[in-house]
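Asker: fold the following and give me the result.
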Amino acid sequence: MSIAFTKADVRRIRWSALLLVVLVALGAGVVYLSLQLTQSAKLAAKKVDAERTEFRNKLSRARDEEQEIRAKIDHYRNLLDRGLITTEERLDWVERIATIKSARKLIDVQYELSPQKPVEAALLPEGAAGGGYE
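Answerer: Numbering: from 1, shown residues only. Down below sits the predicted model:
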């Protein structure tokens with residue numbers, strides 16, 4: 001049994017066949033567009049994830065730095081409380097010595113103010129530059 005199409009059959013189905021071709025092309029276009037949109041959304045999601053990770057890392061570093069600064073402030077306050085860190089008083093010393101010299105009418109007072117030196121390692125457990133202070 002063979003199936004043969006006549007010209008009349010082709011005329012009857014031509015609009016349906018044309019509609020089929022158009023709808024198949026339209027469907028293929030929709031599938032292609034949806035694949036492109038999905039790929040674009042995945043790339044955007046990866047970018048957002050990378051930015052979120054970067055911000056989390058920055059926040060973590062900021063918290064670590066805050067803890068480090070708080071520890072250094074506590075260490076500095078401890079050194080202040082122990083009297084190991086004070087304000088510079090060299091000029092006051094020179095003026096006091098001159099005042100005492102003139103008040104007591106001393107002939108010669110000899111003194112020497114040497115340049116500042118790092119604190120001795122025995123005073124700070126971390127060494128002379130412990131905690132970032134000299």
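
Asker: so residue 58: helix, strand or coil?
Answerer: Per DSSP: H, G, I helix; E, B strand; the rest coil, the secondary structure class of residue 58 is helix.

Asker: distance of it from residue 5?
Answerer: Counting by Cβ to Cβ, to the nearest Å, the separation of residue 58 from residue 5 is 72 Å. Yep, even glycine has a C-beta here, placed from its N, CA and C like the rest.

Asker: ranges for the helices of this structure?
Answerer: In the chain, the helices defined using DSSP state H lie at 7-81, 90-103.

Asker: now the shortest one: buried residues?
Answerer: Buried residues in helix 90-103, counted by 16 or more other Cβ atoms under 10 Å: none are found.

Asker: state the distance from residue 29 to residue 22.
Answerer: Note on residue 29: its distance to residue 22, by Cβ to Cβ, is 11 Å.

Asker: what's the answer for residue 74, then?
Answerer: Taken as Cβ to Cβ, the span from residue 74 to residue 22 is 77 Å.

Asker: same check on residue 52?
Answerer: For residue 52, the distance to residue 22 (Cβ to Cβ) stands at 44 Å.

Asker: what residues does the worst-scoring helix or strand of the chain on mean pLDDT touch?
Answerer: The helix or strand of the chain with the lowest confidence, counting by mean pLDDT, DSSP states H and E, is helix 90-103 at a mean of 85. Contact partners of helix 90-103, identified using Cβ atoms under 8 Å, 6 or more residues apart in numbering, comprise 106, 109, 111, 113.

Asker: apply 6 Å and report the result again.
Answerer: Helix 90-103 has contacts (Cβ atoms under 6 Å, 6 or more residues apart in numbering) with 109, 113.
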